[in-house]
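Engineer: can you look at this prediction? I've put the sequence above it.
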Amino acid sequence: MVWLAILCALLGAFFLALGTQRQASAVQANTGGLAMSVSGLLRMLRNPRWVLGLLMLAVGMGLNVFALVSAPLTVVQPIGAIALVITTIINSKDQGIRLNRITVVAISACVAGSAVFVLLAVNVTGESHQVRPDEELSAVLLLAVVVAVFLTLELMFRHRLNAFAYILGAGMLFGFVAVLVRIIGLRLLEPGGGFIANVPIYTVIAVAAAGGLGSWFVQSAYASGPPDLVIAGLTVIDPVVGISIGIFILGELRPDVEPVFAIGMVGAGLVAIVGVIALSRHHPDVLQKQEEARRRAQASGKKP
């Protein structure tokens, strides 16, 4: 069963990578590098390339869910980082981009840092336990603050936000979504029946709000940055946030954890996040867009 889970995780990474690249290329072709709008997103629903990407993403997520259920987290979670490598290769071939040295180093840092973080996290977190109502409420309230902050930034500064800001927001939001979906699953399986009646309505609303805003941020990131950056943010920031919530809010930290594990997790997380930042600044696609924007600004400045 473990080998089947590994195969599903690899296939899931491939579908996620290909789906992300398809959607990103469709969005960039439609927006021309400008900010995503509501009307633009509605047009995407009629774009075959974007819809194909959406279907591939759905298949990839389904395969990942099966892999996580069928094998330990230590086996499956690091494999997800391979999606970043696959996306980079596919996008560079599709767009005719030659990767520079900084981009290769940044991608390596993202993959290595996130993999080490997850592997260390598994050794410091205890077995799954029942989440208390106050812990669930704390996670929802913290998510409400995160949603309010990023929604305010989007409404007030949407034309000034770059791809990194969007993917940072998406990674944080989807990290919360993963945690709350897990909590909902635990509530549905509680003994004594009740099923959906065991799930607080505020948790469902929180998942819907965070998932909707996170999806909008992903599409906005497609419009202003390369798909490699989107995958990097989601495979790095998402698990870091999710695991951190589990440790600090849901009380999943084991009582006998040695300090070296905590130091290692902080170090690995910083390496992965620095990789994402470097990717957002030095990726050839980003540099090309910056140069085009500079030329447009110079051309407009010459006009009387």
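Structural biologist: Noted; the coordinates are in hand. Bear in mind the structure is a predicted one, so any value in this text is a computation, not a measurement.
Engineer: pLDDT value on the closest residue to residue 190 other than its chain neighbours, please?
Structural biologist: Nearest residue to residue 190 in three dimensions, chain neighbours excluded: residue 198, at 5.1 Å (C-beta to C-beta, 6 or more residues apart in numbering). The way it works is simple: take the backbone N, C-alpha and C, and place the C-beta from them, glycine included. For residue 198, the model assigns a pLDDT of 80.
Engineer: buried residues in stretch 31-44?
Structural biologist: For stretch 31-44, a neighbour-count test (16 or more other C-beta atoms under 10 Å) marks 31, 36, 40-41, 44 as buried.
Engineer: one more: stretch 258-273?
Structural biologist: Neighbour-count burial for stretch 258-273 [16+ other C-beta under 10 Å]: 264-265, 268-269, 271-273.
Engineer: and for stretch 18-26?
Structural biologist: 18-26.
Engineer: between those, which is nearest residue 260?
Structural biologist: Within these, the smallest distance to residue 260 is 35.4 Å, found for residue 20 (C-beta to C-beta).
Engineer: isn't the closest one right up against residue 229?
Structural biologist: No - if you go by C-beta atoms under 8 Å, residue 20 and residue 229 don't touch, sitting 10.1 Å apart.
Engineer: any chance of the buried residues of stretch 18-26 in a markdown table, with secondary structure and pLDDT too?
Structural biologist: Output for the buried residues of stretch 18-26, formatted as a markdown table (DSSP: H, G, I helix; E, B strand; the rest coil; pLDDT from 0 to 100):
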| residue | secondary structure | pLDDT |
| --- | --- | --- |
| 18 | helix | 89 |
| 19 | helix | 91 |
| 20 | helix | 89 |
| 21 | helix | 87 |
| 22 | helix | 89 |
| 23 | helix | 90 |
| 24 | helix | 87 |
| 25 | helix | 85 |
| 26 | helix | 87 |
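Engineer: name the SS class of residue 49, please.
Structural biologist: Secondary structure of residue 49, reduced to three states by DSSP: H, G, I helix; E, B strand; the rest coil: helix.
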